[in-house]
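In: prediction below, plus the sequence it came from.
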Amino acid sequence: MTTVATGSKSEIAYDWIRERIHRHEYGPGYRLVLGAIAAELEMSVVPVREAIRRLEAEHLVTFEKNVGARVSVVDEEAYVHTMQTLSLVEGYATRLAAPFVTADDLAAASEINARMHRLLDDFDAHTYTQLNQRFHAVLFDRCPNPHILDLVDRGWSRLAGLRDTSFALIPGRPRHSVEEHDRILDLIRGQADPDELEMFTRTHRLRTLDAFLQARHDTPGR
């Protein structure tokens, strides 16, 4: 193949491998053979090794003794704990923020969700996850309690560290998720009871967790 890209060879290798991980072409546990990747990209193994080290620092790749580099597997326990905590703090942050959310905020969140709708037919887990975070951030960013916001930010950071493409593992969930986003927007627009908004936002997060756990349970060999 001929590599047509700008930037250093290490940067090209990094982008190439990362894209395949995020598109789930290289799934959890997939072995990354440096020589094969270098041959595919028509470069030496040195920049590929540098790219792999960078991906390891981002927790997308792990090294195993006598095996080499593999795509990281989701740490199920850490993911569960993070999602449970995030459902609580994000739900409460959204509740506190709702009275301060503007018409422009709602329009921005609606447009982000429309983009997520359009992604469903040509799914890209990485892009979807980024948009998902932006959607929720628009709705909770006006939370007046900075300590709650800090906890939400930490939760999202932990999710990214664990793996930001978990939606790729639960293909049926994204469509339901964007439909639930529409409901959250309706609740805020209609100035719904704060308890109802908080509980729905909480449940929305936990439904993603439940779908993930069910998919893991249904995976052969588990």
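Out: Thanks, I have the structure now.
In: all contacts plus neighbour counts: C-alpha atoms, from now on.
Out: Noted.
In: so after the worst-scoring helix or strand of the chain on mean pLDDT, what's the next helix or strand?
Out: Using mean pLDDT, DSSP states H and E, the weakest-scoring helix or strand in the chain turns out to be strand 61-64, at a mean of 83. Per DSSP states H and E, the first helix or strand lying C-terminal to strand 61-64 is strand 68-71.
In: does Pro28 sit in a helix, a strand or a coil?
Out: Three states are possible here, and by DSSP: H, G, I helix; E, B strand; the rest coil the one that applies to Pro28 is coil.
In: check the gap between the closest residue to it other than its chain neighbours and Thr102 for me.
Out: Once its chain neighbours are removed from consideration, Pro28 has its nearest residue in Val73; the separation is 4.7 Å (CA to CA, 6 or more residues apart in numbering). Per CA to CA, to the nearest Å, Val73 is found 40 Å from Thr102.
In: also Tyr79?
Out: Taking CA to CA as the measure, Tyr79 falls 32 Å from Thr102.
In: more neighbours, these two?
Out: Here Tyr79 and Thr102 are set side by side on neighbour count (other CA atoms under 10 Å), and the busier one is Tyr79, at 20 against 15.
In: element containing the more buried one?
Out: Of the helices and strands defined by DSSP H and E, Tyr79 is found in helix 76-97.
In: tell me which helix or strand Tyr214 sits in.
Out: Small correction: residue 214 is Gln, not Tyr. Secondary structure (DSSP H and E) places Gln214 in helix 194-218.
In: and that helix, what does it pack against?
Out: helix 76-97, helix 173-189 (3 or more CA pairs under 8 Å, 6 or more residues apart in numbering; DSSP states H and E).
In: list the buried ones in the shortest one?
Out: Right, helix 173-189. The neighbour-count criterion (16 or more other CA atoms under 10 Å) identifies 173-174, 177-178, 180-181, 184-185, 187-188 as the buried residues of helix 173-189.
In: swap in the longest one?
Out: Neighbour-count burial for helix 76-97 flags 79-80, 82-97 (criterion: 16+ other CA under 10 Å).
In: which residues does that helix contact?
Out: 139-145, 148-149, 151-152, 155-156, 158-159, 162, 194-195, 197-206, 209 (CA atoms under 8 Å, 6 or more residues apart in numbering).
In: and the residues you listed, which are buried?
Out: For the contacts of helix 76-97, a neighbour count by 16+ other CA under 10 Å gives the buried set as 139-143, 148-149, 151-152, 155-156, 158-159, 162, 194, 197-198, 200-206, 209.
In: against the centre of this protein, work out the most remote residue.
Out: Among the C-alpha atoms of the chain, the one most distant from their mean position (CA atoms, centre = their mean) is that of Ser44, at 31.5 Å.
In: right, and that one touches Ala38 too?
Out: Yes - with contact defined as CA atoms under 8 Å, Ser44 and Ala38 form a contacting pair (5.6 Å).
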